[in-house]
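Visitor: Okay, structure incoming, though there's no sequence with it:
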């Protein structure tokens, strides 16, 4: 499957008069598409009545695809059921937090814990797999559609039963559960399993560990449901590659992708206010790609470890009944697609071929409008297809050259989102950091506790509150082998049960960081406390190699917010002290560095607004001799991919103005065919793919 770049479009034949199908598929082929994604919303077409399956509609469309050499990614249509399902089996419906059942008439209203729904899903997936097991046009399957999009919780009676069973498996005894949940507080102690339930509306705050376990339970239900479908499909055709499109709330990404052959993402840049937001989404997709199915189960034609798919790439203004995006300007649709490709997409399909004139997404535009006439969006898609064909296969096999990573963790994000919401803004520090690195033209990755950290020279773990011995050990090994780790305020605050640790903070990270927390305070919105970076002697991983870089940060100010700490060094060296007249801080250390093995650990005693990230990077990047890939405006995105013998630099102009890019190695722009020198000019929404001599090493120098 992955010997070529798959370039396609989402198509919904059930929406259209069959007379349109032949011309639609023919026009797709003429546009340069070689794959179509379809079927994920067509349960009513596949099974109009219980147990009566019909395949003629999609069989005919697949035959048309065969005639035009277009492959198919098929979807299991279990995220939106026909009316007969909810009418005959109301127990399959999700209930909201107030215990009100969701009704038929929309999507994502079906319950993963309902035995009836699981049975209906199993029968439908088996019928599809049995019918299409020999169909060579189908190269893979998408499971369901956007797990937990729109509604990411359910409180139906079957959820309560399943949650109790999940708790029994996890804790085995009520004594263990009561201890883990801290049930002695407010007399919440449980004496019978039937007393346990998912969270309900309460008069005061809910139990934090119950909330965390609920989040873990919800994710496990999704993963279990995905695995059932994947197992059914693989049993009928082991050559099929299995994917899912997206990572939404209450789904543990590393756990989900463990049942997939490759990860897919739905990319809609207009949901973000600037280009760095979509870039972070693509970094997330790339981070999950190498965590897909364990190596023993890998297929010979599985994608390279850094590659992922975009099953829905925005092609026009998106809109539902509550909102309507602006219209992409000429060139933007192509630019967004190139951004996905540059970040590692090896499969890209636009959403969608033609705008559906009815339903709640009648304003979610595709390549074509309902009038079906050729337009500039289709012209851009044709241009993009021609450009993709200019790229050598080695480009797609080449990994991105990155040496910086930001650590994310499912439990910690659940804690920030659902439990410690009083300082919820801190959960955006990772995205702010990734955005600032991108604006500086220094690419970075996202990693997870199960990721391989080897090769990263700099690792940020902002505010990793829940810390296990396993992750503490992994971080220590990373530092001792030469990595530089940056921790933020409240690191190591909690254990696996979301209890505050009963030891000096930062808990399990205390020896690693070489520092203790003497005191702390929260700050009001908009309030900051500043620390002055002072001169310091040579420290491993800290001292800039170039003396000229030293003066840039000797007296810089580091404004921190949300939650600030008074640090007490144990083995760490002080790099900055609070300058505020706040008596709680009073010239105490605010930033420290602890040399350890071949590396070092920084501890930043506060949360990081954008104004703090700039001086922090001014300190760290020169110290590690990490340089930008190019010299350019912050609206230029730069990404490099390299093999042992070839290197490609992708330049993306996310602005409506022409912008210069300099500091380049001479090479050739593959898209234009022109030779390039040390400086080029990118037109508005312009793209360049420069082939250059390989730099050694293949990371930003």
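Guide: Sure thing, it's come through. Not measured: the values here are computed from a predicted model.

Visitor: Can you get me a residue count around residue 328?
Guide: By the criterion of other C-beta atoms under 10 Å, residue 328 has 23 neighbours. Just so you know, the C-beta spots here come from the backbone N, C-alpha and C atoms, and that holds for glycine as well.

Visitor: Correction: the previous question concerned residue 455.
Guide: Close neighbours of residue 455, defined as other C-beta under 10 Å, add up to 13.

Visitor: isn't it right next to residue 403, touching?
Guide: Yes. Applying C-beta atoms under 8 Å as the test, residue 455 and residue 403 come out as touching, 7.1 Å apart.

Visitor: Quick one: residues contacting the nearest residue to residue 244 once chain neighbours are set aside.
Guide: Distances taken as C-beta to C-beta, 6 or more residues apart in numbering put residue 143 closest to residue 244, at 4.7 Å, once the chain neighbours are dropped. Residue 143 makes contact with 75, 76, 226, 229, 230, 242, 243, 244, 260 under the criterion C-beta atoms under 8 Å, 6 or more residues apart in numbering.

Visitor: which SS class is the third one?
Guide: When states are read from DSSP: H, G, I helix; E, B strand; the rest coil, the local structure at residue 226 comes out as helix.

Visitor: Spit out the contact partners of residue 516.
Guide: Applying C-beta under 8 Å, 6+ apart as the definition, the contact partners of residue 516 turn out to be 504, 505, 506, 510, 567, 568, 570.

Visitor: Neighbour count and distance to residue 530 added to those residues, as JSON lines?
Guide: As requested, the contacts of residue 516 are arranged in JSON lines below (neighbours: other C-beta atoms under 10 Å; distance: C-beta to C-beta, whole Å):
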{"residue": "504", "neighbour count": "14", "distance to residue 530": "26"}
{"residue": "505", "neighbour count": "20", "distance to residue 530": "22"}
{"residue": "506", "neighbour count": "28", "distance to residue 530": "22"}
{"residue": "510", "neighbour count": "19", "distance to residue 530": "26"}
{"residue": "567", "neighbour count": "29", "distance to residue 530": "15"}
{"residue": "568", "neighbour count": "15", "distance to residue 530": "20"}
{"residue": "570", "neighbour count": "14", "distance to residue 530": "24"}
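
Visitor: Domain-wise, how is the protein divided?
Guide: According to the domain assignment given by automatic domain parsing, the chain is divided into the following structural domains: 6-159+212-392, 404-623, 631-692.

Visitor: out of those, nearest to residue 193?
Guide: Closest approach to residue 193 among the domains of the chain (C-beta to C-beta): domain 6-159+212-392, 14.0 Å.

Visitor: so how far is the closest one off the chain centroid?
Guide: Taking C-alpha atoms, centre = their mean, to the nearest Å, one finds the center of domain 6-159+212-392 at 16 Å from the center of the full chain.

Visitor: low-scoring stretches of the stretch 301-450 of the chain, by residue?
Guide: Regions of the stretch 301-450 of the chain meeting the criterion pLDDT under 70 cover residues 301-303, 423-424.

Visitor: looking at the protein, which helix or strand is least sure?
Guide: Taking mean pLDDT, DSSP states H and E as the measure, the chain has helix 547-550 as its least confident helix or strand, at a mean of 44.

Visitor: Could I get the full set of strands for the stretch 601-701 of the chain?
Guide: Taking DSSP state E, counting those that start in this stretch to define them, one finds strands in the stretch 601-701 of the chain at 606-607, 631-632, 636-642, 647-653, 659-662, 667-669, 675-676, 680-682, 687-692.

Visitor: go on, the stretch 451-600 of the chain?
Guide: In order along the chain, the stretch 451-600 of the chain carries the following strands (DSSP E, counting those that start in this stretch): 458-461, 484-487, 515-522, 528-533, 557-569, 573-578, 589-596, 599-604.

Visitor: any chance of those strands in a markdown table, plus mean pLDDT and distance to residue 6?
Guide: Output for the strands of the stretch 451-600 of the chain, formatted as a markdown table (pLDDT from 0 to 100; distance: least, C-beta to C-beta, whole Å):
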| stretch | mean pLDDT | distance to residue 6 |
| --- | --- | --- |
| strand 458-461 | 98 | 33 |
| strand 484-487 | 98 | 38 |
| strand 515-522 | 97 | 49 |
| strand 528-533 | 92 | 48 |
| strand 557-569 | 95 | 44 |
| strand 573-578 | 96 | 49 |
| strand 589-596 | 97 | 45 |
| strand 599-604 | 98 | 41 |
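
Visitor: Among the ones you listed, single out whichever gets nearest to residue 23.
Guide: Closest among these, using C-beta to C-beta: strand 458-461, at 51.7 Å.

Visitor: Sheet partners, orientation included, of the closest one?
Guide: Within its sheet, strand 458-461 is paired with strand 404-407 (parallel), strand 484-487 (parallel), according to DSSP bridges.

Visitor: now those in a markdown table, with mean neighbour count?
Guide: Written out in a markdown table, the entries for those read as follows (neighbours: other C-beta atoms under 10 Å):
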| stretch | mean neighbour count |
| --- | --- |
| strand 404-407 | 24 |
| strand 484-487 | 25 |
